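*Asks:* return atomic coordinates for the entry below.
(chains A and B)
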Number of protein chains: 2
Amino acid sequence: MVIKMLELFKSIKLDKNSGAPLYMQLFNVISSMIDKGTLLPRTKLPSIRQMASLLDVNTVTVVNCYRQLELKGYVYAKKSSGTYVSTVLPPVDKKEYTNKYDYVDKNVILDEIYPGEDISILTSKIRFDKKTINFASATPSSNLFPVEDFKLVLNEVLDRDMGNAFNYQDSQGYRPLRFSISNLLKEHSVNCSEDDIIIVSGAQQGIDIISKTLLKDGDHVITESPTYRGAVAVFNSRRAVVTDVELEEDGLNLNLLEYHLKKHRPKLIYTIPAFQNPTGVSYSKSKRKQLVMLAEKYDTYIIEDDYVSELDFENKNFKPVAYYDKSGRVIYIKSFSKIFMPGLRFGFMVVPPHLKKHILGAKHATDISTSGLIQRALDLYIRKGFWHKHFYSMYETYKNRYTKVVNSLEKYKTDNISYKKPGGGLNIWLKLPYNCVVNSLLERAASNNIVFTPGRIFFSSTSSNLNNIRLSFAAVEDDKIEAGIEKLCKLI
Amino acid sequence: MVIKMLELFKSIKLDKNSGAPLYMQLFNVISSMIDKGTLLPRTKLPSIRQMASLLDVNTVTVVNCYRQLELKGYVYAKKSSGTYVSTVLPPVDKKEYTNKYDYVDKNVILDEIYPGEDISILTSKIRFDKKTINFASATPSSNLFPVEDFKLVLNEVLDRDMGNAFNYQDSQGYRPLRFSISNLLKEHSVNCSEDDIIIVSGAQQGIDIISKTLLKDGDHVITESPTYRGAVAVFNSRRAVVTDVELEEDGLNLNLLEYHLKKHRPKLIYTIPAFQNPTGVSYSKSKRKQLVMLAEKYDTYIIEDDYVSELDFENKNFKPVAYYDKSGRVIYIKSFSKIFMPGLRFGFMVVPPHLKKHILGAKHATDISTSGLIQRALDLYIRKGFWHKHFYSMYETYKNRYTKVVNSLEKYKTDNISYKKPGGGLNIWLKLPYNCVVNSLLERAASNNIVFTPGRIFFSSTSSNLNNIRLSFAAVEDDKIEAGIEKLCKLI
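*Replies:* Below you'll find the predicted structure:
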């Protein structure tokens, strides 16, 4: 083997008369041998002296070539041992990162749904391609992301902070970012200082950390019915007993809620008070206030999951439940996943002072801290005003889609399809006629290139409410909306 | 107010004869008004027509200026409403990101220790500055991070994948990265395919997710004594009963282990078999094999936390415990935090096939997925061979420090200080004379600018083993090692 390799190198022809420096010619030959697999990973290259003699060149040529190879990652030097070929892997197949129709979006949909749910119908029948009319995904399509601006701040942070951007960040989060966020929150009527904010890796992690802090086996939790299943999955993973309470057009049924508060003394109430997922319901001001009062009265906590309150297309101007909380009963959780870039894995919580120490302990045990690089880049992004710029562009895009969906529904829906205009958010909740079987509709829609989410996956019990569907317009292209709604109404 | 603002704009003087385009002159004036706070966030700017008339310029000048302001994030346009000043925050104070001695490293130390531990002595007495000799931090100092290479791959990924890099990644992790890692793992004698790997946000999250999968209230867990407290914090947060078993010079005391396995039927055994934290102990081959056999016999699982097995300075060439596992008893967890950049929040697990579905469910409920951008960048970093290049440079750095620490100890330690050369890793575990009070030593060392970690924080019970200390050499500068050890030995 060794002899064969020596012959291989001996056969290299360098052109001393060409303009290109010899060391670069040698670099090109060897790097291409590595790319092609002629030289395998962990092969030891000849020593500098040996190589120079094989090729009849100066040792400096070989030194320079090896240095280039090392800089480009083709080889690595082991001290007092020699130079070895690195494991250079072939570049990633293009379809792994570009074919968003077949690859990324399908995952987005799967990620909406907790693994273990019966989603075989949704996933087996669907093929995503450019023709698909996607009313299933509640996550923005990736072409709306502000990649260039974010790249700019990432690079600025790397140049500014260097290695510091890659060390552990403290568990509560990068202080300047907490300051920037407390500033943004003023626009959301959440008054807090940077000390009240804890940075997390998304709203999902926020719910997990709060559960870790407050719940033990057998504790009771109250949720809305229907609700976001990802939250229920967390409560189940803590082995809590989840009781769901009927969601009315202006919020939870408070009589039922109080009945369960009395009976079960739950540790937590989980709510999405603005443009709820999946129903689009927003709580009235009165129910927001009463919710806080009930939490106080029955000594429990509220998780307020504010996932899109800022997509308020009809100026309802509701204040968050946290706004009415004077006694530290509300934990306010927010992520920007629906407006910004979900893959950053970023969110934050505003927590009552008396819980802060315990929540920080739980965050630390969960993953020590959220990526410092992402936090620093996001801070700069907000400080430079890019956040507002991006937000208003997303707001207009979504508002436009919302209007199109609502107008198309008014135009094409039959009398036995009912819904209530949510006035904001990213979802419309349709009630279909009783004789319409959603599973069969899913199949027929899929064969017409239309996908949506069946309502039943948002309920804990599958026995009731089988005839709802959720239409999301976060990822559907504007020019497909009307045709999609028309077709869907016909299929129903 | 409005009139005052109009006057403000009217007073702007543009120089029509200067070479600079008028719109840029206007941009400079307005952006500096925003920077200085003369124009407050959410202030509405005059309409284009109005501004043009105030300044006696063409409307095109104002249009171009407003566009520039918007591009740079200074203002945002609300459709059919007007142009508003963004919330541009002042730049971050320099000390928040540069003063690593006072700011970052102190946090690094705090992050080694679970909040709630009594660390008042360690933190209140210590002032970090350039003179500090840091034997406390087991995390690399940030000047060792390969910032430039990582910046290069980050930018290449952003150009290549664009928005796709910011969408949800699937819960198991970016497939190409799992492939790259399965390739690297061959060098660690871990044979697995990309299907067996689950990407997580650090080893800490891995331990948390496994606990979520396997533990419920009151279940038993066995750990080494002493051990990494971050793991114990997770088991406590699941309300598991943690039993610690004496760690001998070649691994756990297996008789004691079997006694507890019989008595408690634990669900999990947590172990760091290579260069253990804090003791530096490595398991013998025989104990590695027996550990797996015992796990099989008593129907339990092993978490193998491989945090620095690759820092094998004396070529012990131990194979991981997972290597001996033929029946799916070992969950192998690895992060690169000690070699690479801890702030990336990245790690991975190799999981037995029959547990995979449940572990994926727990990962999803924990934070949906790990940052796709970081995963894609890391994949490219490995594929380009940068990983090997960086690893061997870190290996040499650490080996050099290890040798210096050991040589200095041999030179300066008195007979009543004992330790065993670990042969690798990042820690040396010293046993001090019985009459040496570690708390008082901590104070005296701190006043001599030397910090280390008291051994007691690694034990669950504070009653025993009060006279150990952990010396870490991950963050201490080479030229301070000998002087630091000399002084410390004198103080003891």
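*Asks:* please count neighbours and contacts with C-alpha atoms only from this point.
*Replies:* Will do.
*Asks:* where does the most far-flung residue of chain A relative to its centre fall, phi/psi-wise?
*Replies:* Most distant from the centre of chain A: A:Asp56, at 57.1 Å, with distances by Cα atoms, centre = their mean. With angles defined as degrees, to the nearest 10, A:Asp56 sits at phi 60, psi 50.
*Asks:* next one: A:Ala20
*Replies:* The phi/psi pair for A:Ala20 (degrees, to the nearest 10) reads phi -70, psi 130.
*Asks:* what's the distance between the residue farthest from the centre of chain A and chain B?
*Replies:* In this view, A:Asp56 and chain B are 28 Å apart by Cα to the nearest Cα, to the nearest Å.
*Asks:* where does pLDDT dip in the stretch 1-150 of chain A?
*Replies:* Under the criterion pLDDT under 70, the flagged ranges of the stretch 1-150 of chain A are A:1-3, A:88, A:90, A:94-128.
*Asks:* next, the buried residues of stretch A:45-55.
*Replies:* Under the neighbour-count criterion of 16 or more other Cα atoms under 10 Å in any protein chain shown, stretch A:45-55 has A:45-46, A:48, A:51-52, A:54-55 buried.
*Asks:* I meant to write stretch A:323-332 there.
*Replies:* Neighbour-count burial for stretch A:323-332 [16+ other Cα under 10 Å]: A:323-325, A:328-332.
*Asks:* dump it to CSV, keeping only the CA atoms.
*Replies:* Once non-C-alpha atoms are left out, stretch A:323-332 reads as follows in CSV (Å, rounded to 0.1, in the frame of the first residue of the first chain):
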residue,chain,number,x,y,z
TYR,A,323,-51.6,43.2,31.9
TYR,A,324,-54.4,42.6,34.4
ASP,A,325,-52.2,40.5,36.8
LYS,A,326,-51.2,42.4,39.9
SER,A,327,-50.3,39.4,42.1
GLY,A,328,-47.8,37.4,40.0
ARG,A,329,-50.2,34.7,38.7
VAL,A,330,-49.4,34.9,35.0
ILE,A,331,-46.4,33.5,33.2
TYR,A,332,-46.3,35.2,29.8
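*Asks:* for it, give the mean pLDDT please.
*Replies:* For stretch A:323-332, mean pLDDT is 96.
*Asks:* and for that stretch, what's in contact with it?
*Replies:* A:189-191, A:288-289, A:292, A:295-296, A:300-306, A:321-322, A:349-354 (Cα atoms under 8 Å, 6 or more residues apart in numbering or on different chains).
*Asks:* out of the residues you listed, which are buried?
*Replies:* For these, a neighbour count by 16+ other Cα under 10 Å gives the buried set as A:190, A:288-289, A:292, A:295-296, A:300-306, A:321-322, A:349-352.
*Asks:* which ones among those residues map onto strands?
*Replies:* A:301-306, A:349-350 (DSSP state E).
*Asks:* list phi and psi for A:Asp299.
*Replies:* Per-residue torsions, A:Asp299: phi 50, psi 60 (degrees, to the nearest 10).
*Asks:* circling back to that earlier point, show me which pair in the ones in strands among the buried ones among the contacts of stretch A:323-332 is furthest apart.
*Replies:* Maximum pairwise distance in those, criterion Cα to Cα, is 15.5 Å, between A:Tyr301 and A:Asp306.
*Asks:* just the C-alphas of stretch A:69-82, formatted as PDB.
*Replies:* Provided in PDB are the C-alpha atoms of stretch A:69-82 (Å, rounded to 0.1, in the frame of the first residue of the first chain):
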ATOM      1  CA  LEU A  69      -4.100  21.800   2.400                       C
ATOM      2  CA  GLU A  70      -4.400  22.200   6.200                       C
ATOM      3  CA  LEU A  71      -5.900  25.700   6.000                       C
ATOM      4  CA  LYS A  72      -8.600  24.300   3.600                       C
ATOM      5  CA  GLY A  73      -9.300  21.400   5.900                       C
ATOM      6  CA  TYR A  74      -8.000  18.700   3.500                       C
ATOM      7  CA  VAL A  75      -5.400  17.500   5.900                       C
ATOM      8  CA  TYR A  76      -4.500  17.800   9.600                       C
ATOM      9  CA  ALA A  77      -1.100  17.800  11.200                       C
ATOM     10  CA  LYS A  78      -0.500  15.600  14.300                       C
ATOM     11  CA  LYS A  79       2.500  17.000  16.100                       C
ATOM     12  CA  SER A  80       5.600  14.800  15.900                       C
ATOM     13  CA  SER A  81       3.700  12.300  13.900                       C
ATOM     14  CA  GLY A  82       2.900  13.700  10.400                       C
END
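*Asks:* follow-up on the earlier one: now flag whichever of the ones in strands among the buried ones among the contacts of stretch A:323-332 is closest to B:Leu69.
*Replies:* The shortest approach to B:Leu69 among those belongs to A:Asp306, at 30.5 Å (Cα to Cα).
*Asks:* gap between the closest one and A:Asp244?
*Replies:* Look at A:Asp306 and A:Asp244: by Cα to Cα, to the nearest Å, they are 19 Å apart.
*Asks:* buried stuff in the strand ranked longest in chain A?
*Replies:* The strand that spans the most residues within chain A, counting by DSSP E, is strand A:241-248. If you call a residue buried by 16+ other Cα under 10 Å, then strand A:241-248 has these buried ones: A:241-245, A:247.
*Asks:* tell me, how many residues neighbour A:Ser286?
*Replies:* Neighbour count of A:Ser286, defined by other Cα atoms under 10 Å in any protein chain shown: 10.
*Asks:* would you confirm that A:Val200 contacts A:Phe348?
*Replies:* Yes: between A:Val200 and A:Phe348 there is a contact under Cα atoms under 8 Å: 5.2 Å.
*Asks:* those two: which has the busier surroundings?
*Replies:* The neighbour count for A:Val200 versus A:Phe348, taken as other Cα under 10 Å, is higher for A:Val200 (29 against 23).
*Asks:* in the stretch 351-492 of chain A, where is pLDDT below threshold?
*Replies:* A:461-465.
*Asks:* flag every residue of it that's near chain B.
*Replies:* A:360-362, A:364-373, A:380, A:382-389, A:392, A:396 (Cα under 8 Å from any Cα of the partner chain).
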